[in-house]
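Enquirer: Show me the folded form of this:
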Amino acid sequence: MIVILQYTTMGLTRSEIFTAEQNQLSTLLKAIAHPARIAILQRIILSNTCICGDLVTELGLAQATISQHLKELKTAGIIQGTIEGVSVCYCINPKTWKLLEEQLGGFLGSYKGETTCC
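Expert: Okay, here's the model as predicted:
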């Protein structure tokens, strides 16, 4: 009797079966998928300049909470920070913002209208 063992490798990780663009858009959307992060981004955009410490009083969240949200946005590359004295100032990363705008716009624009399927 001959026994043939067939070894299979573990399945692909989820990110490996999707395109680089799909993974990138997913990462960016995950980073902004929190109301506090959207509020932070809106505040930075509204100021049209770097924000250096106004967020705690303006958003009513604890400093640690704001810092964690800023860290997530910075890790995703959506914002960038510079150190000025003892504070870190944040602004929109224009390159990543443009990429997000193009990818999300392309994704949302790919829907061509009503269908009659359901």
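Enquirer: Could you list every helix and strand in contact with the longest helix anywhere in the chain?
Expert: For the chain, the helix with the greatest residue count under DSSP state H is helix 94-109. Packing partners of helix 94-109 (3 or more CB pairs under 8 Å, 6 or more residues apart in numbering; DSSP states H and E): helix 20-32. Backbone N, C-alpha and C define where each C-beta goes, glycine included.
Enquirer: got a list of contacts for the helix or strand that the helix it packs on is followed by?
Expert: Where DSSP states H and E defines the elements, the next helix or strand beyond helix 20-32 is helix 35-47. In this structure, residues lying in contact with helix 35-47 by CB atoms under 8 Å, 6 or more residues apart in numbering are 31-32, 50-51, 54-55, 58-59, 61, 65-66, 69-70, 72-73, 78-79, 90-92.
Enquirer: what's the answer for stretch 51-68, then?
Expert: With CB under 8 Å, 6+ apart, stretch 51-68 has contacts from 36, 39-40, 43-44, 47, 69-70, 84, 87-91.
Enquirer: so which one among the residues you listed has the lowest pLDDT?
Expert: Least confident of those in the model: residue 84, at 75.
Enquirer: For it, list each beta-bridge partner.
Expert: Beta-bridge partners for residue 84, by DSSP bridges, are residue 87.
Enquirer: give me the number of residues near it?
Expert: Counted with other CB atoms under 10 Å, the neighbours of residue 84 add up to 11.
Enquirer: circling back: if you count neighbours, what's buried in the longest helix of the chain?
Expert: 96, 97, 99, 100, 103 (16 or more other CB atoms under 10 Å).
Enquirer: Can you tell me which of these is closest to residue 114?
Expert: Of all these, residue 114 sits closest to residue 103, with 24.0 Å by CB to CB.
Enquirer: Tell me, how many residues neighbour the closest residue to the closest one other than its chain neighbours?
Expert: Distance criterion CB to CB, 6 or more residues apart in numbering; nearest residue to residue 103, sequence neighbours excluded, is residue 25 at 4.6 Å. Applying other CB under 10 Å, we find 19 residues neighbouring residue 25.
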